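Q: Show me the folded form of this:
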Amino acid sequence: MNEGEILFKGNKIDLEVNEKISKQGQFEKEIASISQLQANKKFLGVAKTRLWFYNVASRRKPNKFRFWMKNKVGEPPVLYDSLMVIRSMTLMENFLNNKGYLYPEISYSVRFIPEKERKRVNKSNRQRALVTYQIRAGDLYRIRFVKFPQENSPVNTILANHKDESFLKQGDPFDVGELKKERDRISDLLRNEGYYMFNREYVYFDLDSNNERLRMDVLVKINQPSDTVQHQLFFIDSVYVFTDYSMERLRFRKRQDTLRVKEFSFISEKLFYRPRTLVSAIHFGQDSLFRRSNHNYSVSHLSDLGVFKYVNIEYTPKLLNDKNYLDARVYLSPAKRQAASIEFEANNNTDFNLGTILTLSYLNRNIFRGTERFSLSVSGGFESNLERGENFFNTVDLLFRFDLFFNKFLLPFRIPNIAKTARPKTRISFRNEFLRRIEYYSTNSTSIALGYEWNKPRSRKHFLNPLVVNLVRILQSTSQFQEIINRSPSLRNSFTQQLILGVEYNFLWTNQSFHKGNSFFYYIGKVNSSGNFMHLFGTLINRNSGREAPYELFNVEYSQYFLVDSDIRNYYKISKGSQLVSRLYGGIGVPYGNSRSLTYIKQFFSGGANSMRGWRIRALGPGSFNFEESDIYSQVDQFFFDQTGEIKIEANLEYRFDVYRFVKAALFLDMGNIWLIRADTSRPGANFDITRVWDEIAIGTGFGLRFDFSYFVMRLDLGIKVREPASGKPTWPIRNIDFTDRGWRRENMRFNLAIGYPF
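A: Next up, the predicted model:
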């Protein structure tokens with residue numbers, strides 16, 4: 001800054017209105033954001049770090065590093081300029097006019113803050129300018145009535161039939177923003193009714209204000225096209241599908257073949273897809289009325305097949321037999337048919353435990369030439385103890401799985417009248433997991449599932465797995481492990497060989513497609529049951545034998561339970577580079593009939609990179625149970641048993657914001673725990689009791705960095721315990737926070753390295 005220049009400190013709005021405004025503070029912030037002068041940004045609302053980088057880099061002789069610091073990381077100082085203030089007042093007046101305040105009065109004053117009023121001592125004597133805008137908004141005008149065109153025409157008839165959908169309502173404040181939304185609504189409505197050439201520029205409004213009654217009359221008008229007396233309907237004629245479209249093929253004009261199927265012409269150098277599959281994803285055909293919704297459905301459906309990276313549809317108008325037609329050209333750019341990826345995840349609790357997972361994945365997007373997707377992944381994970389005198393590996397986890405997706409229902413019978421908008425899919429999956437806890441036990445879990453997916457409507461998705469088979473086997477267990485689980489009936493019951501044969505249904509709902517780039521809501525719920533049919537059959541078989549449950553199938557006990565859980569998330573956009581994300585999760589699994597405990601692989605757990613980040617994965621709970629003070633704990637071998645339960649409640653709050661380009665950060669707060677349904681004498685405090693729930697809610701907080709490279713996100717989170725529910729431990733470890741104390745860090749801090757966002 002040069003001598004005489006004044007650093008701009010900020011804007012202040014002093015708003016006076018004749019009618020109370022709901023969320024007036026937010027309204028004032030919106031007015032302040034219009035100002036052409038905006039103070040230098042503060043990091044986390046505390047320090048102007050970017051301005052600091054700029055100043056530091058400017059003080060010394062330029063070089064490449066200081067140039068990068070000054071121009072890429074830094075931000076130049078925002079200086080006070082009275083001309084910018086005058087211009088801002090004009091913009092604010094226009095904004096208030098558009099919001100229904102037609103005669104506002106705006107003035108401003110500037111306060112120059114001298115050095116002695118500054119909180120920090122600076123060597124320079126420069127001042128800062130704080131601008132206050134005094135705004136008397138005056139009276140708010142409201143809509144008295146909305147009148148649509150009365151002339152008898154097809155367009156006006158459509159508008160009259162849909163006037164209840166208008167954004168303009170009698171008694172609402174007059175708002176130019178609502179007028180713009182109404183223009184878009186009318187344009188979308190008519191384009192969806194066959195008026196291909198119609199656009200928002202044909203819609204205008206006549207406004208008539210009454211100053212005495214503070215009312216605004218709105219007359220909706222439709223201009224006619226210059227080349228005809230009225231707007232024209234358009235129909236679809238020929239449909240050309242380019243299945244391997246690319247700019248390179250277009251530039252070199254490579255030879256292409258044409259295959260005609262009904263009114264669809266498939267044009268390609270070599271056709272890699274079955275035409276019938278692509279036709280099922282195109283929501284229009286010959287002689288059908290042009291509808292914008294069919295265009296959008298087609299683009300979305302073709303993209304949803306998972307084999308194209310780019311989808312576009314263009315139309316060419318033509319006149320045929322005195323009727324308006326459109327030739328549709330569908331351009332499909334294939335994604336790479338095969339892809340491979342590597343993912344790595346790690347977590348550390350600041351002492352000697354390190355957990356890592358490496359996943360190798362393979363994807364084929366068109367394995368049978370019918371847009372089928374085949375995915376294969378192999379994961380290897382282990383937890384190691386780096387402390388001297390301990391085994392290096394204490395846990396080994398190997399997972400193999402494959403999934404095969406078909407973009408249709410595979411059924412032994414035909415389902416009539418399946419709408420294209422349902423986007424039916426069939427999934428066949430196989431999963432095998434081997435878990436080895438060194439010196440304790442080995443388990444193997446094998447599962448096969450047949451599932452179906454469909455949408456109805458776009459914002460809702462259904463997942464039905466009518467057949468889920470899962471076999472859990474205990475391959476090996478040591479006498480030491482047997483001694484441990486014999487002390488706890490619930491642990492012993494959950495670690496038996498189990499056969500799961502059941503059905504699962506998931507439901508997903510989100511409004512993200514309607515709020516792109518803004519705030520949106522997400523919900524997924526799951527219902528899962530197992531063993532009911534087998535138990536009925538087993539009861540009938542053993543009715544006269546005198547044998548009591550648990551019954552077996554193929555010499556293996558089968559599980560019988562009912563499980564339900566819900567995951568609710570809200571993504572609220574605060575500003576262009578910041579977002580507040582909240583999540584609420586709850587689940588309960590109830591064993592009954594043939595089962596005394598929920599099988600281990602179906603139980604809930606808490607902690608880890610995507611849950612309570614201040615705790616190691618499966619280390620929190622159940623309830624106030626403290627493993628280290630229980631009879632199960634062995635001081636000799638330091639055995640740490642994974643903590644699981646049949647009830648889970650968890651809430652997460654995360655403030656995400658941009659730092660620099662691909663570098664993003666987050667502040668988070670996690671709350672939750674797990675519980676058992678029934679009391680277990682070997683695990684005191686582990687069962688769910690409504691009178692103790694709040695006292696047993698764990699709380700954690702922390703800070704994270706995300707390196708968002710678009711194609712993948714690498715995440716590093718530091719979780720810190722705020723409230724510890726385990727009995728015998730400090731309830732509020734955050735009160736004794738001491739980052740220099742190795743023991744405190746080991747007990748209360750966790751580092752989590754993962755791929756992707758936690759939710």
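
Q: what helix or strand does the nearest residue to Gln579 once chain neighbours are set aside sit in?
A: Computed as C-beta to C-beta, 6 or more residues apart in numbering, the closest residue to Gln579 that is not its neighbour in sequence is Arg656, at 4.7 Å. Where you see a C-beta, it was placed from the backbone N, CA and C, and this is true even at glycine. Secondary structure from DSSP states H and E places Arg656 in strand 647-660.

Q: Tyr54 sits in which helix or strand?
A: helix 49-58.

Q: Would you map the strands across the stretch 201-350 of the chain?
A: 203-210, 215-222, 235-242, 257-261, 264-268, 308-320, 323-334, 338-348 (DSSP state E, counting those that start in this stretch).

Q: Redo those as JSON lines? Include mean neighbour count.
A: Shown next, in JSON lines, are the strands of the stretch 201-350 of the chain (neighbours: other C-beta atoms under 10 Å):
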{"stretch": "strand 203-210", "mean neighbour count": "13"}
{"stretch": "strand 215-222", "mean neighbour count": "17"}
{"stretch": "strand 235-242", "mean neighbour count": "20"}
{"stretch": "strand 257-261", "mean neighbour count": "12"}
{"stretch": "strand 264-268", "mean neighbour count": "19"}
{"stretch": "strand 308-320", "mean neighbour count": "14"}
{"stretch": "strand 323-334", "mean neighbour count": "19"}
{"stretch": "strand 338-348", "mean neighbour count": "14"}
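
Q: Reformat those as CSV; add distance to Asn98 and mean pLDDT.
A: Below are the strands of the stretch 201-350 of the chain laid out as CSV (distance: least, C-beta to C-beta, whole Å; pLDDT from 0 to 100):
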stretch, distance to Asn98, mean pLDDT
strand 203-210, 12, 89
strand 215-222, 12, 92
strand 235-242, 40, 94
strand 257-261, 52, 84
strand 264-268, 47, 91
strand 308-320, 35, 93
strand 323-334, 37, 94
strand 338-348, 49, 75
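
Q: got TSV for these, with distance to Val396 too?
A: As requested, these are exported to TSV (distance: least, C-beta to C-beta, whole Å):
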stretch	distance to Val396
strand 203-210	66
strand 215-222	70
strand 235-242	50
strand 257-261	52
strand 264-268	48
strand 308-320	38
strand 323-334	40
strand 338-348	15
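
Q: So in this structure, where's the weakest helix or strand by average pLDDT?
A: helix 247-252 (a mean of 60; mean pLDDT, DSSP states H and E).

Q: where in the stretch 651-759 of the chain is pLDDT low?
A: Judged against pLDDT under 70, the stretch 651-759 of the chain has no low-scoring part.

Q: got the contact list for stretch 58-76?
A: Asn40, Lys41, Lys48, Arg50, Leu51, Trp52, Phe53, Tyr54, Asn55, Val56, Ala57, Tyr660 (C-beta atoms under 8 Å, 6 or more residues apart in numbering).

Q: From those, list the buried ones, please.
A: Asn40, Lys48, Arg50, Leu51, Phe53, Tyr54, Asn55, Ala57 (16 or more other C-beta atoms under 10 Å).

Q: Run through the residues that contact the last one.
A: If I follow you right, that is Ala57. Arg66, Phe67, Met69, Lys70, Gly74 are the contacts of Ala57 under C-beta under 8 Å, 6+ apart.

Q: Please enumerate the strands of the stretch 501-650 of the chain.
A: 520-530, 552-553, 556-557, 561-575, 578-591, 647-660.

Q: Now render those as TSV, adding distance to Ile34.
A: As requested, the strands of the stretch 501-650 of the chain are exported to TSV (distance: least, C-beta to C-beta, whole Å):
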stretch	distance to Ile34
strand 520-530	26
strand 552-553	70
strand 556-557	69
strand 561-575	14
strand 578-591	19
strand 647-660	22
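
Q: ranking those by mean pLDDT, which is last?
A: Per-stretch mean pLDDT for these is lowest at strand 552-553 (a mean of 75).

Q: Contact partners for the closest residue to Ser333 other than its chain neighbours?
A: Ranked by C-beta to C-beta, 6+ apart and with sequence neighbours excluded, the top spatial neighbour of Ser333 is Tyr310, at 3.7 Å. Shown in contact with Tyr310 (C-beta under 8 Å, 6+ apart): Tyr245, Tyr331, Leu332, Ser333.

Q: Which two among those are spaced furthest apart?
A: Tyr331 and Ser333 (6.9 Å; C-beta to C-beta).

Q: Need the overlap of contacts for the two.
A: With C-beta under 8 Å, 6+ apart, Tyr331 and Ser333 have common neighbours Tyr245, Tyr310, Val311.

Q: so how far is Leu302 from the second one?
A: Distance of Tyr310 to Leu302, given as C-beta to C-beta, to the nearest Å: 10 Å.

Q: list residues touching both of those two?
A: In contact with both Tyr310 and Leu302: Leu332, using C-beta under 8 Å, 6+ apart.

Q: what about the stretch 101-250 of the chain, any weak spots by pLDDT?
A: 115-125, 211, 229, 247-250.

Q: Now do the helices in it.
A: 154-161, 176-191, 247-252 (DSSP state H, counting those that start in this stretch).

Q: Determine which stretch of those is the most buried.
A: helix 176-191 (a mean of 18; mean count of other C-beta atoms under 10 Å).
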